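1. sequence plus the predicted model coming up.
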Amino acid sequence: MLRVGLTGGIGSGKSTVARLLAENGAVVIDADKLAREVLEPGSEGLAEVVEAFGEDVLNADGTLDRAALAAKAFATEEARRTLNGITHPRIGALTGQRMAEAPEDAIVVHDIPLLVERDMAAVYHLVVVVYADSRTRLERLVGSRGMDRSDAEKRIAAQATDEQRRAVADVWLDNSGEVPDVTALWDRLVRFEKNVRTRSYASGSPLVVPYDEQWPAQARRLARRISLAAGGRHVEHIGSTSVPGLAAKDVLDLQLAVEDMETADDLREALAQAGFPYVGPYVDTPRGEGDWSKRVHAGADPGRRVNLHLRVEGAANWRWAVDFRDWLRHDAQAREEYANVKLELSRRFADDADGFAYGEAKEPWMAAAVERVQAYRDGQES
Ligand code: ADP
């Protein structure tokens, strides 16, 4: 199963995009709908709400009077917390139940307006944000939905900002004009789901490309996902894509710190389920004394290549990854040399499918870098 979080500001077009994905075959879970379900007549949730806020939050027919409840629940911070304490756990449980009921090969799209506000991004394999500028959203809410203008303005102002949404967006769909075409997105989701289910990682031979300003933010999103799947362990961005200004193959390298290799093996299944299947046990090319073994996982998303290295925290290879990165970040000349070496070799080995010959050819420069990295490290320590 693939879990996709779909969010956006009110009036951005989330429901419209959810409908398009459902037409392609997605199982859509609508958070707003579940929020209403947990307060249906006869529900435990509604009984608790009446107990907390009084009988006058009910209509004559026993259904919830939403306006009356909103007036009370949004009056004070404490009242709001009381209401959330009743509804949130129930909505969460119901969401989990719906996910569990979905077929094994389902692409589940969770349409959740408050994904950012609830800090939920890391629980999904992919987060899709639907965007429309706030003026367009206001016009849509007032125009086609008939909402009161000042009410619509208030609701927009109370939600997360566009920057906050951008920070969690793996996919950004601009719905300011025409409704976006979701064909390419759907194709990516289908292949991503299959990879997760079959424990396959995205493959192919990526080219060396100029530095991409988006890499750090993409790495942060993936790191949070990986860390969540790995019980909160530390993940950091390493390798060429972590060095601003450096040309690199468009594959993010991330390093997950583990206590020992047994722990790495214990995390195998959780990482696979989160979208980072196991590749195998490897030994890094030693750059000195110590243990250079690791476990490698790789990303299942065909739209975002990532290699995940599980290394023992503090081990020689863990240290090297951090020091080599920091040295390149710090030393402009080293960066330029390294970029030239990589560009040269990537042209020479353009047909090298697994990158092995390319890696071999890079060795002399890498070996010569060991002393320079050591000198940099000594300088940092003194
Ligand atoms: P959300 O679920 O994000 O609140 P909706 O999908 O309900 O937003 O869209 C809000 C309103 O705007 C709806 O009436 C919808 O039909 C309309 N709408 C959505 N996308 C577009 C678009 N690209 N152009 C014009 N109207 C749109």
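-> Sure thing, it's come through. Quick caveat: nothing in here was measured; it's all calculated off a predicted structure.

2. would you list every one of the strands in this structure?
-> 2-8, 27-30, 107-111, 126-131, 171-174, 208-209, 235-238, 248-249, 252-258, 278-283, 293-298, 306-312 (DSSP state E).

3. which pLDDT value belongs to the residue in the stretch 251-382 of the chain that the ligand sits nearest to?
-> The ligand sits closest to Gly303 of the stretch 251-382 of the chain, with a gap of 22.9 Å, by C-beta to the nearest ligand atom. Every residue, glycine included, has its C-beta placed from N, CA and C. As predicted, Gly303 sits at a pLDDT of 96.

4. what's the burial count for the closest residue in space to it that isn't next to it in sequence?
-> Nearest residue to Gly303 in three dimensions, chain neighbours excluded: Arg188, at 4.6 Å (C-beta to C-beta, 6 or more residues apart in numbering). Other residues lying near Arg188 total 18 when counted by other C-beta atoms under 10 Å.

5. wait, what's in contact with the residue most central in space within the chain?
-> By C-alpha atoms, centre = their mean, the mean C-alpha position of the chain lies nearest to Arg221, the distance being 4.4 Å. Counting by C-beta atoms under 8 Å, 6 or more residues apart in numbering, Arg221 touches 121-122, 127, 167-168, 170.

6. which of the residues you listed tops the neighbour count?
-> Val127 leads the contacts of Arg221 on contacts (other C-beta under 10 Å) with 27 neighbours.

7. beta-bridge partners for it, please?
-> Val127 has these beta-bridge partners by DSSP bridges: Gly5.

8. next up, the contacts around it.
-> Here Val127 is in contact with 4-7, 115, 121, 168-171, 221 (criterion: C-beta under 8 Å, 6+ apart).

9. pLDDT at Gln159, what is it?
-> 91.

10. quick one: the spatially most distant residue from the centre of the chain from Glu44, how far?
-> No residue in the chain sits farther from the centre than Ala60, which is 45.1 Å out by C-alpha atoms, centre = their mean. Going from Ala60 to Glu44 by C-beta to C-beta, to the nearest Å gives 22 Å.

11. what do you get for Leu222?
-> For Leu222, the distance to Glu44 - C-beta to C-beta - is 38 Å.

12. circling back to that earlier point, need the strands of the chain in JSON lines (columns: distance to the ligand and mean pLDDT).
-> JSON lines is the format used below for these (distance: least, C-beta to the nearest ligand atom, whole Å; pLDDT from 0 to 100):
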{"stretch": "strand 2-8", "distance to the ligand": "5", "mean pLDDT": "98"}
{"stretch": "strand 27-30", "distance to the ligand": "9", "mean pLDDT": "98"}
{"stretch": "strand 107-111", "distance to the ligand": "7", "mean pLDDT": "98"}
{"stretch": "strand 126-131", "distance to the ligand": "6", "mean pLDDT": "98"}
{"stretch": "strand 171-174", "distance to the ligand": "9", "mean pLDDT": "98"}
{"stretch": "strand 208-209", "distance to the ligand": "32", "mean pLDDT": "88"}
{"stretch": "strand 235-238", "distance to the ligand": "32", "mean pLDDT": "98"}
{"stretch": "strand 248-249", "distance to the ligand": "36", "mean pLDDT": "91"}
{"stretch": "strand 252-258", "distance to the ligand": "30", "mean pLDDT": "98"}
{"stretch": "strand 278-283", "distance to the ligand": "38", "mean pLDDT": "97"}
{"stretch": "strand 293-298", "distance to the ligand": "34", "mean pLDDT": "98"}
{"stretch": "strand 306-312", "distance to the ligand": "30", "mean pLDDT": "98"}
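
13. tell me how many other residues surround Gly231.
-> 10.

14. residue contacts, it?
-> Shown in contact with Gly231 (C-beta under 8 Å, 6+ apart): 267, 270.

15. can you name the residue of the stretch 151-300 of the chain nearest the ligand?
-> For the stretch 151-300 of the chain, C-beta to the nearest ligand atom, closest residue to the ligand: Val179, 4.2 Å.

16. quick one, domains of this protein?
-> What the record gives for the chain is the domain set 2-193, 202-381, from automatic domain parsing.

17. okay, now the shortest one: how far is its last residue from its first?
-> Think domain 202-381. 39 Å (C-alpha to C-alpha, to the nearest Å).

18. same question, the longest one
-> According to C-alpha to C-alpha, domain 2-193 extends 5 Å from its N-terminal end residue to its C-terminal end residue.

19. contacts for stretch 327-337 next, please.
-> 240, 242-246, 338, 365, 369, 372-373, 376-377.

20. same thing with stretch 71-83?
-> Contacts of stretch 71-83 (C-beta under 8 Å, 6+ apart): 49, 52-54, 57, 69.

21. can you flag the buried ones in these?
-> 49, 52-53, 57, 69 (16 or more other C-beta atoms under 10 Å).

22. which positions in the stretch 101-250 of the chain make contact with the ligand?
-> Residues of the stretch 101-250 of the chain lying close to the ligand (C-beta under 6 Å from any ligand atom) are 140, 144-145, 175, 178-179.

23. rerun that using 8 Å as the cut-off
-> Applying C-beta under 8 Å from any ligand atom, one finds that the stretch 101-250 of the chain approaches the ligand through 111, 113, 130, 132, 137, 140-141, 143-145, 175-180.

24. ok so, going back, what about the residue of the stretch 251-382 of the chain closest to the ligand, neighbour count?
-> Neighbour tally, Gly303, other C-beta under 10 Å: 16.

25. tell me who's in contact with it.
-> Gly303 neighbours (C-beta under 8 Å, 6+ apart): 170-171, 188, 192.

26. what does Gln273 give?
-> Counted by C-beta under 8 Å, 6+ apart, Gln273 has contacts 196, 229.

27. what about it, distance to Ala106?
-> 14 Å.

28. quick one: the helices in the stretch 1-150 of the chain, in order.
-> 14-24, 31-37, 44-53, 66-73, 77-101, 134-143, 149-158 (DSSP state H, counting those that start in this stretch).
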